[in-house]
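>>> the following comprises the amino acid sequence and a computationally predicted model.
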Amino acid sequence: QLQFVESGGGLVQPGGSLNLSCEASGFTVDYWAIGWFRQAPGKEREAVACLSYSGGIKKYSDSVKGRFIVSRNHYTKMIFLQMTSLKPEDTGIYSCARARVCPSEAGSYEYWGQGTQVTVSS
């Protein structure tokens, strides 16, 4: 069964760090770009980061550039999002999905996971 399962979310204070994981199953991650998105209450889903199928291209939204790092372990089919210097505006449900390249539009991705909640608050 093709699916993504995200984990690693939680409550963290501003300035803190979290490491999110996305476990892929049912397909070969080496052939697909994997994107991380987040959705805050009352807002549209927002692209955060994307890793190309080769792993050689990493894209980030301007709001997280320099603070977040996306990576992959193709042996375990795990995709990671290391988040540092977290801000309250980083709060949201973080999900991963796949696409052929790294488009910024959520509609171009498929097989969304359930997501993991990240809350940045003091």
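Right, received. Where do you want to start?

>>> CA only for contacts and neighbour counts going forward, please
OK.

>>> the spatially most central residue of the chain: which element?
Centroid-nearest residue in the chain, with Cα atoms, centre = their mean: residue 36, separated by 2.4 Å. When elements are assigned from DSSP states H and E, residue 36 belongs to strand 33-39.

>>> pairing partners for the helix or strand that that strand is followed by, with directions?
Using DSSP H and E, the helix or strand that follows strand 33-39 towards the C-terminus is strand 46-51. Within its sheet, and counting by DSSP bridges, strand 46-51 is paired with strand 33-39 (antiparallel), strand 58-60 (antiparallel).

>>> and for strand 46-51, what's in contact with it?
Strand 46-51 is contacted by residues 33-39, 57-61, 64, 69-71, 102, 104-106 when judged by Cα atoms under 8 Å, 6 or more residues apart in numbering.

>>> let's go with 6 Å and repeat that
With contacts defined as Cα atoms under 6 Å, 6 or more residues apart in numbering, strand 46-51 is touched by 33-38, 57-61, 102, 104.

>>> for that strand, which positions count as buried?
By neighbour count with 16 or more other Cα atoms under 10 Å, strand 46-51 contains the buried residues 46, 47, 48, 49, 50, 51.

>>> much appreciated, bye for now.
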